[in-house]
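In: Quick one: sequence and predicted model below, then my questions.
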Amino acid sequence: MSAQPNMIVSTAAGETGRAAAHHPLRAISFRDPAVLIERKSDGTIYLRPTRTLEDYPVRITDRLHYWAGVAPDRVFMAEREHSGAWRQLTYAELLVCSRHIASSLLKRGLSAEKPVVILSGNSIDHALVAFGALYAGIPFCPVSPAYSLVSKDYGKLAHVMKLLTPGLVFADDADKFADALLANVSLGTEIAAAYGGVPGRDVTLLKDLVATPLHPSLDAAHDKIGPDTIAKFLLTSGSTGNPKAVINTQRMICANQVMLRETMAFLKDEPPVIIDWLPWNHTFGGNHNVGLTLYNGGSIYLDAGKPTPEGIAETVRNLREVAPTVYFNVPKGYESLLPYFRDDAGLCEKFFSRLHAMFFSGAALSPYVWNSLDELSVQATGHRVPMLTGLGATETAPYFMAANPRTSRSGHVGLPVAGNEAKLVPNNGKLEVRAKGPNVTPGYWRQPDMSKAAFDEEGFYKLGDALKPADPNDLHAGFDFDGRIAEDFKLASGTWVSVGPLRARFIAACAPLVRDVVIAGINRDEIAAIVVLDLDGCRLINATLPFDDLKATAADPLVRAAFRERFEKFLSSATGSSTRITRAILLDAPLSIDRGEVTDKGSINQRAVLEHRKELIEQLYAPTPADDVITLG
């Protein structure tokens, strides 16, 4: 199980008053999760949904056939071209292209032993290759572009190639990925691309794959795809930072889409329209969002923007043109949009005009951002648009637990949705959560020992997360996230430190200056913090700071003074040694993707940082700390 936070995990330091709370929520179709509860004498708790899961298709491409027949000219996917116009792909066009690309892959004899590896980011060309593989029953693996374009040593990419032994590697722009392809793709492995070339290597063009005549065994191969057929591999990092390939079967993906559709029932009311930047090499973007678009006959507009100072303008540009019916983002994305919504009433009205719900994952959504979105929604529509969240993981495809719109709040993950069982096991004073259902992976590709260790004796997948009841007297009220089991540690006194909740409280107390924090202190007398600054937030303190100079920001006197003020206030709220952070250092160099300290999505691997920053930790705990260490108390 990954040591980084699971998908849709969030927690915060409690809710402040919500200024727009007296306004009603928009009424949406939503089926609240409900469970039967069984308690065992050893403290184990089982949560079993009261509703059975509806039937789901054998293969996800059955839904492609359905929508290509029912709405052939409807846009499935669109992306903005250099000219500024939207390139559009209809359901009918997707089906035709998928069948021809599938034929080209069958002709090459590809299989799970020789899958397709895709190095590119989100694009229509990426989608065409992926759906061609799905249609042929040949697994594919979308790899983070950062492994090729950001990594200095290609260590993770080399590991992936060795693990998967691909038969074909695709990059939309061969010129951009040429160095990574030359360094990591053997001479015997075919390279394909939408355009561009690789010096000294033959490159098959996507247009030639699309032009391949239909294979005589195409329909038979498609019909042969069953629930246990591997659809894709999704990479997730372990505590060492080495990627594991999570097996995603057709059963997992199809069952999970029915779970989504039956819970977020507003997806049935009208075909969803989403605009989305979340990367497809992660389960949230690739399984959850692309999947729900296809399953419900919707349209997905690819957003080339990002929640960064340089990237947010493109997201805003797209939102001026496309009004989503449901919107998915990480908390930083919502925060980045707030000033644009405040300054442009037309943009704000467009965004909320037909929005059924918003959804966040990956981190805490601060009360300030949540309240602001409520207020803007009320101004634009007269009601609050529900904000949804829950708990899931790459290994659960990802939907597992969900909070209902009325009780949704940061840190609350709700109850397991229909089709899933949850098992809560006592573990060092916490309740460790485990999952069982048709959406749970059978294991990790070519790593049988890790696969076996990921499940308990009853076949429940061990997520590695802890939960606590929202109401100890009523488990039907759902559960709150209570941190990652593997991140917790003991101080020298033997006192346990619950890292997840402490980390979230620290970030909330130091907002908007802190994006994340690594908690140190195992076998020490006190807790210390390695602080990852939020450059956007720091520029609110000192607007003259450069956009991307972490060293200058960490050394800036105004930033350090503002951080110290918040740090002191946080320390004053400590209730004991397990919540008392007395030392901190502002990280002045980026975390390393090569060493597994951070993912391309920005999730931080606490254990990897502590392992690779031992000198920094010694500096924090030195009897006479250096000037850059901030000490209190």
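Out: Received it, and whenever you're ready, just let me know what you need.
In: pretty sure G443 is touching I247, no?
Out: Yes: at 6.0 Å, G443 and I247 qualify as touching, with contact defined as C-beta atoms under 8 Å. For glycine as for every other residue, the C-beta is placed from the backbone atoms N, C-alpha and C.
In: Between these two, which contacts overlap?
Out: Residues touching both G443 and I247 (C-beta atoms under 8 Å, 6 or more residues apart in numbering): there are none.
In: quick one: contacts for Y135?
Out: 61, 64, 98-99, 101-102, 222 are the contacts of Y135 under C-beta under 8 Å, 6+ apart.
In: pretty sure E432 is in a strand, no?
Out: Yes: assessed with DSSP: H, G, I helix; E, B strand; the rest coil, E432 lies in a strand.
In: if I look at it, how far off is I45?
Out: 11 Å (C-beta to C-beta, to the nearest Å).
In: joint contacts of those two?
Out: L424.
In: now the helix or strand hosting I274: how far from the chain's centre is it?
Out: Assigned by DSSP states H and E, I274 belongs to strand 273-276. Averaging C-alpha positions (C-alpha atoms, centre = their mean, to the nearest Å) puts strand 273-276 16 Å from its chain's average.
In: tell me which strands and helices it is in contact with?
Out: Secondary-structure packing of strand 273-276 (3 or more C-beta pairs under 8 Å, 6 or more residues apart in numbering; DSSP states H and E): strand 299-302, helix 312-321, strand 326-329.
In: Which one of these lies nearest to G346?
Out: G346 lies closest to helix 312-321 among the helices and strands packed on strand 273-276, at 7.9 Å (C-beta to C-beta).
In: So for the closest one, what gets flagged as buried?
Out: Buried residues in helix 312-321, counted by 16 or more other C-beta atoms under 10 Å: 312, 315-319.
In: picking that back up, format the helices and strands packed on strand 273-276 as a markdown table; extra columns: distance to L620 and mean pLDDT.
Out: Formatted as a markdown table, the helices and strands packed on strand 273-276 follow (distance: least, C-beta to C-beta, whole Å; pLDDT from 0 to 100):
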| stretch | distance to L620 | mean pLDDT |
| --- | --- | --- |
| strand 299-302 | 42 | 98 |
| helix 312-321 | 34 | 97 |
| strand 326-329 | 34 | 97 |
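In: can you list the domains in the protein?
Out: As recorded under automatic domain parsing, the domains making up the chain are 35-56+253-484, 61-225, 488-631.
In: List of residues touching the host helix or strand of N248?
Out: N248 is part of strand 243-249 when elements are defined by DSSP H and E. With C-beta under 8 Å, 6+ apart as the test, strand 243-249 has contacts from 2, 141, 156, 159-160, 163-164, 227-238, 287, 394-395, 397, 441-447, 450.
In: Find out how far the helix or strand just after that strand is from the centre of the chain, if you would.
Out: For strand 243-249, the succeeding helix or strand toward the C-terminus, using DSSP H and E, is helix 250-263. With C-alpha atoms, centre = their mean as the basis, helix 250-263 stands 17 Å off its chain's centre.
In: Remind me what helix 250-263 packs against, helices and strands.
Out: Counting by 3+ C-beta pairs under 8 Å, 6+ apart, helix 250-263 packs on strand 230-237, helix 290-295, strand 399-402.
In: Quick one: the ones you listed as TSV, columns for mean neighbour count too.
Out: Below are those laid out as TSV (neighbours: other C-beta atoms under 10 Å):
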stretch	mean neighbour count
strand 230-237	24
helix 290-295	23
strand 399-402	30
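In: Redo the ones you listed as CSV? Include distance to Y135 and mean pLDDT.
Out: Shown next, in CSV, are the helices and strands packed on helix 250-263 (distance: least, C-beta to C-beta, whole Å; pLDDT from 0 to 100):
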stretch, distance to Y135, mean pLDDT
strand 230-237, 11, 94
helix 290-295, 12, 98
strand 399-402, 24, 98
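In: out of these, nearest to D488?
Out: That would be strand 230-237 among the helices and strands packed on helix 250-263, by C-beta to C-beta, at 19.2 Å.
In: Please report the distance of G200 from K207.
Out: 22 Å.
In: Work out for me the element S451 sits within.
Out: Here S451 is assigned to helix 448-453, by DSSP H and E.
In: buried stuff in that helix?
Out: Residues S451 are the ones in helix 448-453 that count as buried (16+ other C-beta under 10 Å).
In: before we move on, what about stretch 537-547?
Out: Those would be 537-539, 541, 545, for stretch 537-547 by 16+ other C-beta under 10 Å.
In: what's next to the helix or strand following the helix holding S451, contact-wise?
Out: Helices and strands here follow DSSP H and E; after helix 448-453, the next one along the chain is strand 461-469. Strand 461-469 is touched from outside by 1-3, 6, 9, 391, 393, 395-396, 400, 413, 424, 427, 430-436, 440-441, 454-456, 475, 477-486, 498, 500, with contacts defined as C-beta under 8 Å, 6+ apart.
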